[in-house]
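could you work out the structure for the sequence below:
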Amino acid sequence: MDLNSQTKKWLNKPYSLFFLAVVLLWIKTYVVYQIEFDLGIENALQKFLLFLNPISSSLFFLGIALFFTGKKRLWAIVGIDLIMSFLLYANVAYYRFFNDFITLPTIMHTNSASELSDSALALMNGTDVFYFLDTILLLMLVVFKVVSKQVPIEKRKIQLVFASALVIFGANLAMAEVDRPQLLTRSFDRTYLVKYLGQANYQIYDAIKTARSSSQRAFASSNDLTDIRNFVSSNRTPVNPEYFGAAKGMNVIYISMESLQNFMIGKTQNGQEVTPFLNSLVNDENTFYFDNVFHQVGQGKTSDAEFMMANSLFPLPSGAVAMEKAQNTYQAQPAILSQNGYTTASFHGNNKTFWNRDQLYKSFGIDKFYDSAYYNMSEDDVWNYGLKDKPFFKESMPYLTELKQPFEAKFITLSNHFPFDMAPGDTDFPAAETNDKVVNGYFQTAHYMDEALEEFFGYLKESGLYDNTMIVMYGDHYGISTNHNRAMQQVTGEEITPYKNAQLQRIPLYIHVPGTKGKVVHEYGGQVDIRQTVLHLLGINTNDFISFGSDLLSPQHREIVPFRNGDVVTPEYTSVGDKCYANPTGEEVDLESCKPFKEYAQKMLDYSDKLVYGDLLRFYEPRGFQPINPEDYDYTTDQTK
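Here you go, the predicted structure:
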C-alpha cells in the first residue's frame, strides 16, 4: 500500500491504529443502526444516545488489545475488530427476519435450533461485505506492514482508556434513565436496550442476565411458590357449564399452522380465496373460531407455542425453554391426559433434535414421537425445513390410526415457513403483487397449507376418526415481521403503525368439537389460554394445576393478553412500549388508561419466569398427578410398537 510518509508516520504512533479501529467501528455501528434496525427513535436525546452508545463498547473491547506488545498488539486489534464486526453482523442477519436481537442462549444453541441460523442466512446478500470493510482495511495495514512499529504503552495510559469507556457508558446510562426510567429493571424489550445502550453493551447485559438466571434454580426453594400459587388461585376463572365436558373421551388432535396470521383468513388474491378451507370452518356448525387470539411467543417461536399449549406458562424473555429448560419438571397437558387414559404422540417432518424436542417431549410426558425417520424424506417431498405438508399428513395417517384410543396427537406443519417459497409445481395459486417477494410468497405457501389441511380432514373422515376427535388448529407465531411493513401496507391498505403491528399479531384458532354447536368467539386471548380451554372441553378440572391461562369459553374469561416483550392488548386498550392506544381507533391516550392491566400482565410474566427459571414445579405436586420421569420415555426405539 502506498501512503505518504506523514500518514505512515502517524499510523505507527502507539495509539494510532487503536483509535482508527475505534472510530471505524463506532461509525460502522451507527450506520448499521440507521440502515438495518428499526429502533423507534422519537426525540433528540434518543438520537444523540444512538450516536454516542457505540463509543464506550468500542473503547472497552478494542482496549484489551493494548495489553499486548509489539506485533501481537496489531493482530489483537484486527482480531477484536473482526469479532465485534461479526457479532454486529450476526445481529443484522438475525434481525432481518426475527425483528429481534441475538441473545447468549441463542448463540449457544444455534446448532441445535438450526431454524434460527438458516432463516437469517437466507437474508444475507453480497453488499453486506460493507460491514467488514473496516476490518479489511486494518488487516491490510498490518499485512502490508504499513503499521509495524509498536512501542510499549504505560499501564497508566491503558487504564485511562478503560476509565474513559466506563465514564462514557455511565453518562450514557444516566441520560438513558432520564428518558426511560428503570431501563435495566423493567424493560422486556431488547429493542429498548439496544436503542439506549447500544448493541455491544446490550450483549454484555444479556450475558450477565443469562448467568444470573442460570443460578436461580440452585437457590430456589418451595417457599418461592407461595406468591405464585396465591396469584394463580385468586385469578382463576370458572368453567362454562355449557361446554365443560363437551368433548369428554374424544381423541384430540393439535395442528400447528406454521407462521399463519389471522389477516389471511378471508383474504383473496386475484379474486381467489387464499385459505378457502379454513374460511369454511369459520362458520362450521361444530367449530369454535376465535378471531381475537394473539400469539405470545418469544425467541423460541414454534417451540414456544408448543410450550404454551402444553403448560399454560409463558415462554422465556431470552432464548427458548426448549433449549434452556428442557430438563425442568413440568405438569404438561400430554402427561395430564396420559394419566387420564390417553396415548400421547407428536408428528414432525424433521429430525427429532430440531428445537431439542427429543428432550423437551420427555419432560412433557409424550409417549411417542414420530420424526423424519418415519417418513419418506425423498428429494421430491422435502423443501426448506422438512417434509412438505401434503405428504406429511398422508404418511402420518397409518401411524395415527394405530394409536390406542383415546389419543392426543400433535402435528407440526412446515411448508408455510420463511422464506415462503414453493417447490416448482406445488401450487398454481397466484402470488401477491407487492415489491416484496417474501410477502408475495406468503400467499402461496398459506394456500398450499390450507389445501393440505383439507386433505387431512378428508383422511380423518375416511379413517373413521373424525366423528370422535376434537381438532385444535392454531397459528404458532407471526409470519411477516415489521421488516416488511411497506409491503404489508399494500396488503392491508393501512399504514403499519406500532399500534397496527400489535393488532396484526392475531393468529387463527379453531377448535372443532363433533356434536357441539360451535360459534365465532370474539373474546380476546392468547396461546397461554388454550390449554385451559381444551382441558375443560374434555371435562378435566384444572384447579390444582399452576396455569396462567384463562378458559376462552369461560363467562368470566380474563381478556388481558401480554406479549413476551411487555406489550399488552385488551379489548379496550393496547399498550405498546411507553404508549397507550384506544381500540379500535388506535388513538393515543393517557398512559394511566393502560397502567392497571399493564401491571397485571407484567406480574404474570414475572411469576411465570420465576417459576421456569427456578424449576419451581419440582416442589409442587397437584392432587392426583404423578410426577413425570423423563427416563421412562425413549424416542430411539420403534415408535410403532
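
can you pull the domain assignment for the protein?
What automatic domain parsing lists as the domains of the chain is 5-217, 235-632.

among those domains, which is the most enclosed?
Greatest average neighbour count among these goes to domain 235-632 (a mean of 20), per mean count of other C-beta atoms under 10 Å. For glycine as for every other residue, the C-beta is placed from the backbone atoms N, C-alpha and C.

now it, how far from the centre of its chain.
With C-alpha atoms, centre = their mean, to the nearest Å as the basis, domain 235-632 stands 13 Å off its chain's centre.

next secondary structure after the lowest-mean-pLDDT helix or strand in the chain?
When the helices and strands of the chain are compared on mean pLDDT, DSSP states H and E, helix 114-121 comes out lowest with a mean of 55. Later in the chain than helix 114-121, the nearest helix or strand by DSSP states H and E is helix 133-143.

so where do the helices sit in the stretch 501-641 of the chain?
With helices called from DSSP state H, counting those that start in this stretch, the stretch 501-641 of the chain shows them at 530-537, 595-613.

possible to save those as JSON lines with distance to H522?
Shown next, in JSON lines, are these (distance: least, C-beta to C-beta, whole Å):
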{"stretch": "helix 530-537", "distance to H522": "15"}
{"stretch": "helix 595-613", "distance to H522": "18"}
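
CSV for those helices, including mean pLDDT and distance to P54?
Shown next, in CSV, are the helices of the stretch 501-641 of the chain (pLDDT from 0 to 100; distance: least, C-beta to C-beta, whole Å):
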stretch, mean pLDDT, distance to P54
helix 530-537, 98, 43
helix 595-613, 96, 30
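
and the angle for the helix or strand containing S303 with helix 595-613?
Assigned by DSSP H and E, S303 belongs to helix 301-311. Here helix 301-311 runs at an angle of 90 degrees relative to helix 595-613 (axes from the mean of the first three to the mean of the last three C-alpha atoms, to 10 degrees).

and helix 301-311, what does it pack against?
strand 251-257, helix 321-324, helix 333-338, helix 357-364, strand 407-412, helix 530-537 (3 or more C-beta pairs under 8 Å, 6 or more residues apart in numbering; DSSP states H and E).

and of these, who's closest to A65?
Closest approach to A65 among those is made by helix 321-324 (33.0 Å; C-beta to C-beta).

now Y499, what's its secondary structure?
helix (DSSP: H, G, I helix; E, B strand; the rest coil).

that one reaches T574, doesn't it?
Yes. Contact status for Y499 versus T574: in contact at 5.9 Å, counting by C-beta atoms under 8 Å.

shared neighbours of the two, anything?
Y581, G586 (C-beta atoms under 8 Å, 6 or more residues apart in numbering).

for stretch 503-517, output the C-alpha coordinates as CSV.
In CSV, the C-alpha atoms belonging to stretch 503-517 read as follows (Å, rounded to 0.1, in the frame of the first residue of the first chain):
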residue,chain,number,x,y,z
GLN,A,503,-53.2,-5.9,16.1
LEU,A,504,-51.6,-7.9,13.3
GLN,A,505,-50.2,-10.4,15.8
ARG,A,506,-53.6,-12.2,15.9
ILE,A,507,-53.3,-15.8,14.9
PRO,A,508,-56.2,-18.1,13.9
LEU,A,509,-57.5,-20.6,16.4
TYR,A,510,-60.1,-23.3,15.6
ILE,A,511,-61.5,-25.9,17.9
HIS,A,512,-63.7,-28.4,16.2
VAL,A,513,-65.8,-30.5,18.5
PRO,A,514,-68.1,-33.0,16.8
GLY,A,515,-71.7,-32.9,18.2
THR,A,516,-71.2,-29.5,19.8
LYS,A,517,-72.7,-26.3,18.4
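
ok, T353 to Q489 distance?
39 Å (C-beta to C-beta, to the nearest Å).

apologies, that question was intended for E379.
Noted for E379: a distance of 38 Å to Q489, by C-beta to C-beta.

rewinding a little: dump the domains of the chain into TSV; add distance to R229 as well.
Listed next are the domains of the chain as TSV, based on distance: least, C-beta to C-beta, whole Å:
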stretch	distance to R229
domain 5-217	18
domain 235-632	7
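
going by mean pLDDT, which of these comes out lowest?
When mean pLDDT is averaged over each of the domains of the chain, domain 5-217 scores lowest at a mean of 85.

distance from the chain centre to that domain, please.
24 Å.

now do stretch 229-239
Stretch 229-239 sits 27 Å away from the centroid of its parent chain (C-alpha atoms, centre = their mean).

and it, end to end?
19 Å (C-alpha to C-alpha, to the nearest Å).

who's in contact with it?
536, 541, 543, 546-548, 550-551, 554-558, 603-604, 607, 620.

again, but for stretch 558-569
187-191, 235, 237, 294, 296-298, 304, 314-315, 317, 502-503, 505, 523-526, 550, 570-571, 574-577, 594, 597-598, 600-602, 604-605.
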